[in-house]
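*Asks:* Sequence first, predicted model second:
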Amino acid sequence: MDKSKKKKYNKYNASVINALIEKHGFSGRYIRQCVSGERTSLSADKIRKDYQSMVAPSENKVKEFLNE
């Protein structure tokens, strides 16, 4: 059996990550850990919710553009 040896990396919206860094004052690595679910504190939950609320409108715009 052949197993794939390539690691799958998550891609996050860089502009949203930078905005969250400025807003919350944490490092980029910590912000990405919060978004991926590695961190489970109250601030991590808030960061995750902020990220989802900022990314959702941009994903909808992309879908609208592709449907035209």
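*Replies:* Cool, the structure landed. Residues are numbered from 1 along each chain as shown.
*Asks:* mind listing what's buried in the longest helix along the chain?
*Replies:* As assigned by DSSP state H, the longest helix anywhere in the chain is helix 42-67. Across helix 42-67, burial judged by 16 or more other CB atoms under 10 Å covers Ala44, Ile47, Arg48, Asp50, Tyr51, Met54, Val55. The way it works is simple: take the backbone N, C-alpha and C, and place the C-beta from them, glycine included.
*Asks:* Ok, stretch 11-29 next?
*Replies:* Those would be Tyr12, Val16, Ile17, Leu20, Phe26, for stretch 11-29 by 16+ other CB under 10 Å.
*Asks:* Save these as TSV, and put in distance to Gly37 and secondary structure too.
*Replies:* Converted to TSV, the buried residues of stretch 11-29 look like this (distance: CB to CB, whole Å; DSSP: H, G, I helix; E, B strand; the rest coil):
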residue	distance to Gly37	secondary structure
Tyr12	12	coil
Val16	16	helix
Ile17	15	helix
Leu20	15	helix
Phe26	16	coil
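*Asks:* can you redo those as a markdown table with pLDDT and distance to Lys63?
*Replies:* Listed next are the buried residues of stretch 11-29 as a markdown table, based on pLDDT from 0 to 100; distance: CB to CB, whole Å:
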| residue | pLDDT | distance to Lys63 |
| --- | --- | --- |
| Tyr12 | 93 | 18 |
| Val16 | 93 | 17 |
| Ile17 | 94 | 21 |
| Leu20 | 95 | 23 |
| Phe26 | 97 | 30 |
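*Asks:* Could you say which helix or strand holds the residue lying closest to Ser36 once chain neighbours are set aside?
*Replies:* Among residues not flanking Ser36 along the chain, Asn10 sits closest, at 6.2 Å (CB to CB, 6 or more residues apart in numbering). Using DSSP states H and E, Asn10 sits within no helix or strand.
*Asks:* and Asn10, how many neighbours?
*Replies:* 7 (other CB atoms under 10 Å).
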